[in-house]
Each structure stands twice: as structure tokens, then as C-alpha cells.
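Trainee: Have a look at this prediction, sequence included:
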Amino acid sequence: MLCDRRDDRRDGGSVSLELAILGPGFLLFILAVIFGGRVALAGQAVDQAASEAARTASVARSKVEADSSAQTAAENTLRDQHLSCDRLAVAVDTSGFSQPVGTPASVSVVVTCDVRVGDLRPAITVSRTVTGSASSPLDTYRQR
């Protein structure tokens, strides 16, 4: 005859112990995902700023105007994306302006931004350098 006996022993405290062990690891995983997401969004914003700066520089009439308009366009695009840079550098290659009319040429822009991503923890200030680049063709038959 089989008796149905229950084991009255309990696993008291095992859930608390598992939570104490796994909780910090899970929290670090979540923070790593948030950190990675913020860096990815910053990268997209910097790429968009470089693209906008190159397009704006390519419609300028002179090298000086191209440099100035590219810098302004990059700053405005980053501001519109709500991204503040600790250090912003906009390098514009306007060597295409020295090509004769009728020769294909382009303007290239590299935007470098130091983004502060450590503000999840106020005591830790972590910044990440994000770089984006783009080029835009100059009108082949427009006076340069």
C-alpha cells in the first residue's frame, strides 16, 4: 500500500537568497543596456549632424561660408536632438571648392562629440567620444 506523504520541509529563504545574489547582476545588466542605448542614440544624432553640416556646406558659395555654415548646422542639429557635447569639433574639408568648374567635387565633414553618458550615476562622470562623417557633392557647373 502506498501512502501519500508530503514533505513538510520548506525552502524558506531561498528566494531571498537568490534575489540577493542575482539582483545586483540584473541591475548592472539593465544599466549596461541603458548605457549602450544612449551611446547608440548619440551616434545617430552625430551622424545626422555631420550629414546636415555637409549638405549645408555644399550649397555655400565660398570656403569661408562653407566652414561657418557647417559649424552652425552641426550645432543646431545636435541641439534639436537634445544632445549636449562636452567638446564639439566640426572639421570641414572644403578642398573641393578649389576644383575648376565642370569637375566633380564634394565637401566632407567630420563631427566629433564628447557625450556625457555617466549621468545615470551622479558620482561617476563618464564621457564617450562619438564621431560621425558625411560628404555632399558640390554642384559641378556652379561657380565656386
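Mentor: Looks like it arrived, so ask away.

Trainee: which residues of the chain score low on pLDDT?
Mentor: Counting by pLDDT under 70, the chain contains low-confidence ranges at 1-13, 118-124, 144.

Trainee: Which parts of the protein are helices?
Mentor: With helices called from DSSP state H, the chain shows them at 14-58, 63-80.

Trainee: closest one to Pro137 among those helices?
Mentor: helix 14-58 (6.5 Å; CB to CB). (Each C-beta comes from the backbone N, C-alpha and C, glycine too.)

Trainee: that older thread, deepest of the helices of the chain, which one?
Mentor: helix 63-80 (a mean of 18; mean count of other CB atoms under 10 Å).

Trainee: and Thr140, which of the helices of the chain is closest to it?
Mentor: Thr140 sits nearest to helix 14-58 of all the helices of the chain, at 11.5 Å, using CB to CB.

Trainee: and the angle for the closest one with helix 63-80?
Mentor: 150 degrees (axes from the mean of the first three to the mean of the last three CA atoms, to 10 degrees).

Trainee: what packs against helix 14-58?
Mentor: Judged by 3 or more CB pairs under 8 Å, 6 or more residues apart in numbering; DSSP states H and E, helix 14-58 is in contact with helix 63-80, strand 85-93, strand 106-116, strand 127-137.

Trainee: Okay, buried residues for the second one please.
Mentor: Spelled out, that is strand 85-93. 85, 88, 90-93 (16 or more other CB atoms under 10 Å).

Trainee: Show me what that strand pairs with in its sheet, parallel or antiparallel.
Mentor: Sheet pairing for strand 85-93, assigned by DSSP bridges, gives strand 106-116 (antiparallel).

Trainee: buried sites along the strand it pairs with?
Mentor: For strand 106-116, by 16+ other CB under 10 Å, it's 106-113, 115.

Trainee: Ok, stretch 94-106 next?
Mentor: Applying a neighbour-count criterion of 16+ other CB under 10 Å, one finds 94, 96-97, 105-106 buried in stretch 94-106.
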